[in-house]
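Asker: Here is a sequence with its predicted model. Questions after.
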Amino acid sequence: MSSVIYSAITVIGSAPPTPIAPPELLTVGATYLWIKPNANSIIGDGPIILKEVEYRTTLGNWVETHVVDSPTYKLWHLDPDVEYEIKVLLSRPGEGGTGPPGPPLVTRTKCADPVQGPQNVNVVDVRARQLTIQWETFGYAVTRCHSYNLTVQYQYVFNQQEFAAEELIQTSSHYTLRGLRPFVTVRLRLVLANPEGSKESEEIVKQTEEDVPGSVPTESLQNTPYEEKIFMQWKAPNETNGAITLYEITYKALSSLDPSADLTTQRGRVFKLRNETHHLFVGLYPGTTYFFTLKASTNKGFGPPVTTRITTKIAAPMMPEYESEAPLNETETTITILLKPAQSRGAPISSYQLVVKEERKSKTRRAASEAPECFSAPVSFRNASVLDSPYYIAAELPPSSLTIVQPFTVGDNKSYGGFWNRPLSPAKSYSIYYQAMSRANGETKINCVRLANKGASTQDSDAMEPEKQVDSTVKMAGVIAGILMFVIILLGVVLTFKRREIHTWRTLSVGYCMFTSRHQRIHSVPRWDYHLRPLVWLSAVPRPNASYA
C-alpha cells in the first residue's frame, strides 16, 4: 500500500539521494568481496526506498548491478587478482528518484592457488654441462594470479656430495640449465608459485653427457728412476667427467749428463687402460732427464695434460774387452799391462784407477769366470798396511791421459794422482785390476776388469821384503821393550830384598860381636862381601850337637 503511494508522489524542486562516501571494504577474498554500502550519509532528498551495488572491473566495459537488502553485501564469483570498481545507487519514490552513483571503492581480489603445475615438461637438449627443458605454455587461467614465479629446482650428486639449487625462469616455454657437472644424474622439477600457493610439475630424471676429464693430480705422480728404466704410477683425475677409457703418456729425452749420448731416438708414446695406473719405461739412457706428459681420456676425448721431469740414475762405465789376462811384460817387481779407454754411460768418466790386490790364501775361492768385485774405497799402500787391506790403489789417472790405448807399468815406484805405485813384492802373488769411475748428482758408479795375475817368485824366496823388514823391526822393538820391563821389575824385587837383609843384619850385629872372640876360626868378612855378613854370623851361632875343631 505504501509502495503504491510512494510511486504516485513526485517531488518537485529536490535532487535524488546520492551516497557521500564510497562503500566500506570489510573482507577481501580471491573470488569475493565483503562490503558495507555506507548509505546513511547522503546528498539529496529521501526517503530511500532502494539500495543497489554497481560494480565492474577497472579495465572492463561491463557493469553489473545487484540490489542490497542488508547492511553488508558480498560480491560473488569474482576473478582472482582483478581490480574492481564498486559504487552504491540510492533511489527514492517516484519517477526519476534514482540518484547518481556515489564515490567508487576501487579494490583488488586476492590471488588464488594455481590450478596445476607446469604440464608436458621435457628435456629437449642434453649436453655435458647443461640441460634444456621445455613445457606447455600457460596463462591466467592456470596461474590465477597476475604475479607469479616459475622456478626450476634440481639436485645431483658429485664426488659423493649432494648439490641442490633453484633458478628463476624468465622465459615462457623453455629454459637452459647451465653449470652442471658432466656425467651426473640430475633430478629436476618446475614449480609455479604465486603469493597464495604453488604447484609442481612431475619430476624428471636425466643424466648429463660425458666430457673430457680433468687432469691427473700432480701430487699423485710417483716415480722410481733406475739406470735404464723408470717406474711411474698415478691416480685417476679428481673430475673424471665420465668413464675413463685410456691414459696416454708421451716422453722424450731433454738432456744427458753424458755429452756423448745420442738422444734423438729417446722418445715414445704409451697407452694404458683405465685400470692400469702404472707403467715401467725401459730402454732408457742412464743419466738422462726425460720430459713426461700424462693425460686421461673419456669417450669425449683427452683432458688437459700434467707434466713432470725425471732423471735416470747414472750407470757404471762400460769396460773394454780383453782377449786374455797376459801382461805385456813382467819382472820380479813390476808388471806391464795394456790400458784401453772405457765407454761412459750416463756421466763422463771422472778417473781411472789401477788396483793391486794381494792373493792371500783362503778357503773359499771365487770362480775365474765370476765378475770381479770393484774397489770403492780409495786405499793407498800405506793405509793398506795399517788396515790390513788385501788391496791398494797403485795409480789414479785422469780421463784426459787415457784417450788412446797405451801401456802402463804397475810397480814403477812413481806416484799417480796421489797414490804410490810401489814395487811389487817378488814373494807375493797379485791380481791387477783396472777400473773406471763416474761421478754425478751425488752418485758414484764403478766398473772394473782384471787385467793380469802375477805369481810369487821362486828365486830368492828368503829375501826379506820391505814391509816384512818393517814388521820385523816392530816385533824386535816389542821384544826388547818386554825384556827391559822384566829386568826393571826384577831389579825392583832384588832391591826390596836387599833392604830387608840390611835391616836384619843391623838388629843382630851385637850378637855377632860377642861370638867373634869365642870363635877365632871365623875370619873377618871382606867389605866387598858386606852383604854376606849376616849369613856368616848365622853360621857361627852354635847349634845343638855341633862339634868344633
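Answerer: Looks like it arrived, so ask away. Quick caveat, the model's predicted, so the values are computed rather than measured.
Asker: from here on, contacts and neighbour counts on C-alpha atoms
Answerer: Will do.
Asker: Spatially nearest residue to Ser220 (excluding sequence neighbours)?
Answerer: Trp234 (5.1 Å; Cα to Cα, 6 or more residues apart in numbering).
Asker: which residues touch the one you found?
Answerer: Under the criterion of Cα atoms under 8 Å, 6 or more residues apart in numbering, the neighbours of Trp234 are 216-217, 220-222, 277-278.
Asker: Give me the neighbour count for the closest residue to Arg92 other than its chain neighbours.
Answerer: Of all residues not flanking Arg92 in the chain, Ile48 sits nearest, at 4.7 Å (Cα to Cα, 6+ apart). Using other Cα atoms under 10 Å, Ile48 has 18 other residues around it.
Asker: Check whether Gly492 sits in a helix, strand or coil.
Answerer: The three-state label given to Gly492 by DSSP: H, G, I helix; E, B strand; the rest coil is helix.
Asker: what number of residues lie near it?
Answerer: 12.
Asker: Tyr290 versus that one, what's the distance?
Answerer: For Gly492, the distance to Tyr290 equals 81 Å [Cα to Cα, to the nearest Å].
Asker: ok, of the contacts of Trp234, which come out buried?
Answerer: The neighbour count (16 or more other Cα atoms under 10 Å) marks 216, 221, 278 as buried among these.
Asker: If the nearest residue to Asn40 once chain neighbours are set aside is in a bridge, with which residues?
Answerer: The shortest distance from Asn40 to any non-neighbouring residue, by Cα to Cα, 6+ apart, is to Pro19 (7.5 Å). Beta-bridge partners of Pro19, counted by DSSP bridges, are Ile42.
Asker: Tell me how far stretch 328-335 lies from the chain's centre.
Answerer: 60 Å (Cα atoms, centre = their mean, to the nearest Å).
Asker: can you list contacts of it?
Answerer: For stretch 328-335, contacts defined as Cα under 8 Å, 6+ apart pick out 327, 336-338, 407, 409-412, 423-426, 454, 457.
Asker: Is there a quick ChimeraX command that grabs whichever of the residues you listed are buried?
Answerer: To isolate the buried members of the contacts of stretch 328-335 in ChimeraX, using 16+ other Cα under 10 Å:
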select :327,336,337,338,409,410,411,412,423,424,425,426,454
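Asker: Narrow the contacts of stretch 328-335 to those in strands?
Answerer: Taking DSSP state E, the ones among the contacts of stretch 328-335 that sit in strands are 336-338, 407, 409-410, 454.
Asker: for the chain, which residue is closest to the average position?
Answerer: The centroid of the chain falls nearest to Glu219 when counting by Cα atoms, centre = their mean (4.3 Å).
Asker: Just to be sure, that one is in a helix?
Answerer: Yes. Counting by three-state DSSP, Glu219 is found in a helix.
Asker: can you tell me the helix or strand for Thr65?
Answerer: Assigned by DSSP states H and E, Thr65 belongs to strand 64-68.
Asker: How far away from the center of its chain is that strand?
Answerer: Distance, centroid of strand 64-68 to centroid of chain: 85 Å (Cα atoms, centre = their mean).
Asker: Please identify the pairing partners of that strand and their relative orientation?
Answerer: strand 50-57 (antiparallel).
Asker: What residues of the strand it pairs with count as buried?
Answerer: Across strand 50-57, burial judged by 16+ other Cα under 10 Å covers 51-57.
Asker: Point out where the stretch 301-450 of the chain drops to low pLDDT.
Answerer: For the stretch 301-450 of the chain, residues meeting the criterion pLDDT under 70 lie at 362-372.
Asker: As a check, name the ranges of all helices in it.
Answerer: Secondary structure of the stretch 301-450 of the chain (DSSP state H, counting those that start in this stretch): helices at 381-387.
Asker: which other helices and strands contact the strand or helix carrying Leu168?
Answerer: Leu168 belongs to strand 161-169 when assigned by DSSP H and E. For strand 161-169, the elements it packs on are strand 149-158, judged by 3 or more Cα pairs under 8 Å, 6 or more residues apart in numbering; DSSP states H and E.
Asker: Extract the C-alpha trace of the strand it packs on and format it as CSV.
Answerer: What follows is strand 149-158, C-alpha atoms only, in CSV (Å, rounded to 0.1, in the frame of the first residue of the first chain):
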residue,chain,number,x,y,z
ASN,A,149,57.1,-17.1,-10.4
LEU,A,150,58.2,-20.1,-12.4
THR,A,151,61.4,-21.8,-11.0
VAL,A,152,63.3,-24.9,-11.7
GLN,A,153,64.6,-26.9,-8.7
TYR,A,154,67.3,-29.5,-9.3
GLN,A,155,69.8,-31.7,-7.5
TYR,A,156,72.6,-34.1,-8.3
VAL,A,157,75.4,-36.0,-6.5
PHE,A,158,79.0,-35.3,-7.5
